[in-house]
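S.K.: The following comprises the amino acid sequence and a computationally predicted model.
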Amino acid sequence: MMTNLLIFGTIAEIALVIGQLLLKRAMHAGRQATKANRISHFIISIAAQTIYFFLWLGLLHDYPLSSVYPFDAGAAILLVLAGVFLFKERMTVRGSVAILFILTGLAIISFS
Amino acid sequence: MKPSLPTPPHPMRNLMLLILNMLCVAASEIFLTMGAKETTHVAIFGVAAMSSMMTVVGIGLQIAGFICWMLALRTVPLGLAYNFTCANQVLVPITAWLFLNEHVSPLKWLGICLVVVGIALLVPLIVETEVQLDAEPASVEVEPAPVAVMAE
């Protein structure tokens, strides 16, 4: 049962990260892009997040909410790294400290 | 007559959008859990849970949260926005504790406190993104203007 949680939880999170990255590309106000380019990114993003959603719904049935939800912590780390490396987002010291606090808190919530 | 200037966005707009998103998502997680538990058989793709009214309400809240998220994502950096919405990690265990009678251990409360401190540090950075948008207006995609044909 725990193997299922790990496998499907990981697939769900990968789908979520891909979906969020494409959504950011579609919505980003400062980005030069054609309308068709934005729409295609948006559609693929919705498809990826739909896969995430239905996997998530299935996992919620089999496991307690507090066990399933911490999978989002992995997605949070990946999205911060993707923001810095792919979108050249500026990360200040204050922002880094805040994220460190949040991720430490999430780790404690996950493993307690 | 002077042309009317567009109203600048409210400085707290992004923050309000992200808080609305958090509330919608936290509430939807509770409804989706209740909907999933109501149905007797759910495969790994939880389509069967769609027959429950709770699931339908949960999906409605997810859509409302998604719209707020899309609008905020136009200007807020992805890393900051996503971590800010991790405050759901605080809201979900608390609501699960209140409404689903799930146990929250003292260590989990410590984790919740750390997340709250992190969120408090992120708030000014998210408000700043709106100020930066005012300072650096986003590039506007210019569509080719239709060629006006003058009647001879």
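M.R.: In hand now; what should we look at?
S.K.: For chain A, which segments count as strands?
M.R.: In chain A, no strands are defined using DSSP state E.
S.K.: Would you mind listing where it has pLDDT under the threshold?
M.R.: For chain A, the stretches flagged by pLDDT under 70 are A:1, A:29-31, A:65-66, A:69-70, A:72-73, A:110-111.
S.K.: can you do 90?
M.R.: Filtered on pLDDT under 90, chain A yields the residue ranges A:1-10, A:13-14, A:16-17, A:20-21, A:24-38, A:49-50, A:52-112.
S.K.: how distant is the biggest helix by length in chain A from the center of its chain?
M.R.: Scanning chain A for the helix with the most residues, using DSSP state H, yields helix A:35-62. Here helix A:35-62 is found 11 Å from its chain centre; the criterion is C-alpha atoms, centre = their mean, to the nearest Å.
S.K.: how about that helix, does it reach chain B?
M.R.: Yes. Against chain B, helix A:35-62 shows contacts by C-beta under 8 Å from any C-beta of the partner chain at A:35, A:53-62. (Each C-beta comes from the backbone N, C-alpha and C, glycine too.)
S.K.: That helix - contacts with which helices or strands?
M.R.: helix A:2-27, helix A:65-68, helix B:13-38 (3 or more C-beta pairs under 8 Å, 6 or more residues apart in numbering or on different chains; DSSP states H and E).
S.K.: could I get the residues of helix A:35-62 next to chain B as CSV with neighbour count?
M.R.: Formatted as CSV, those follow (neighbours: other C-beta atoms under 10 Å in any protein chain shown):
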residue, neighbour count
A:35, 9
A:53, 20
A:54, 18
A:55, 21
A:56, 25
A:57, 25
A:58, 22
A:59, 23
A:60, 23
A:61, 21
A:62, 16
